[in-house]
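**Student:** Predicted model follows, preceded by the sequence.
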Amino acid sequence: MKLLRLLPLLLLPAFVAGPTVPDASLDGLWLKTAIKAKGRGVNAGSGLIVSGSVSMPAYIEVVLDEPIADGAETTHYKFDVWVANGVGTYSKVSSGESDVVEADGTDYVVPDLNVFPTDGSNSLSIRATLLLHVKRDKNGTVTGATLSTLGGEVYFGVVDGLFSYGGVKLTGKSIAVDKLPFTPS
């Protein structure tokens, strides 16, 4: 009962505090990423449904997509997905965008990122909510980051020639631009 009386006081900071401050510190961050999908494939000819999975290494560049507006509560980023399209060659195959929500300066939620990675033989249409955890130096500059998936789905794909549906996980960590196996253009 005491808790119910204190509830308005506990909620007061949420209404008194200003909006979340937009944060451009992720701009230019690169992530070495593994995209792993598991689910079911449907053979269009026979109608048979089979289990399947695919793993697709990728690199994701985080790019500040829009100038930060006065009064903004989130920061709009673009996520460019690069995959190998031959031996030693990479290309940008997809871009998605999302309003990134800063939780506490170290954790960022990327809600509803929709991207379409393809490696030439397999392609995925994925939607995922991601968590970026960053490390900063004493000046507040991002020095490292890890990527994990809070939830994700393959709402359509083609894997090994089968129409594919299922779940997806993206995991990764930051990588310096000079350590990429390609030169971004």
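**Tutor:** Received the coordinates, thanks.
**Student:** I'd like to know which elements the helix or strand R127 falls within is packed against.
**Tutor:** Using DSSP states H and E, R127 maps to strand 123-136. Other helices and strands packing on strand 123-136, by 3 or more Cβ pairs under 8 Å, 6 or more residues apart in numbering; DSSP states H and E, are strand 30-42, strand 107-115, strand 142-159, strand 162-174. Every C-beta, even on glycine, is put in place using the N, C-alpha and C of the backbone.
**Student:** what about 7 Å?
**Tutor:** If you count contacts as 3 or more Cβ pairs under 7 Å, 6 or more residues apart in numbering; DSSP states H and E, strand 123-136 packs onto strand 107-115, strand 142-159, strand 162-174.
**Student:** Please convert those strands to TSV, extending it with mean neighbour count, distance to P57 and mean pLDDT.
**Tutor:** Output for those, formatted as TSV (neighbours: other Cβ atoms under 10 Å; distance: least, Cβ to Cβ, whole Å; pLDDT from 0 to 100):
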stretch	mean neighbour count	distance to P57	mean pLDDT
strand 107-115	18	14	92
strand 142-159	17	13	96
strand 162-174	19	9	97
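**Student:** nearest to N43, of these?
**Tutor:** For N43, the closest of those is strand 162-174, at 5.8 Å, according to Cβ to Cβ.
**Student:** Quickly note the distance from the nearest residue to G144 once chain neighbours are set aside to V109.
**Tutor:** The shortest distance from G144 to any residue other than its chain neighbours is 4.4 Å, reached at K135 (Cβ to Cβ, 6 or more residues apart in numbering). Noted for K135: a distance of 17 Å to V109, by Cβ to Cβ, to the nearest Å.
**Student:** follow-up on the earlier one: mind putting the helices and strands packed on strand 123-136 into TSV with distance to S46?
**Tutor:** As requested, the helices and strands packed on strand 123-136 are exported to TSV (distance: least, Cβ to Cβ, whole Å):
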stretch	distance to S46
strand 107-115	30
strand 142-159	16
strand 162-174	10
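**Student:** Over to K179: give its phi and psi.
**Tutor:** As for K179, its main-chain torsions (degrees, to the nearest 10) stand at phi -100, psi 0.
**Student:** Count the residues that sit near it.
**Tutor:** Residues lying near K179 (other Cβ atoms under 10 Å) number 9.
**Student:** any idea how far it is from R40?
**Tutor:** According to Cβ to Cβ, K179 stands 37 Å off from R40.
**Student:** which stretches of the chain have low pLDDT?
**Tutor:** The chain contains residues with pLDDT under 70 at 1-22, 67-73.
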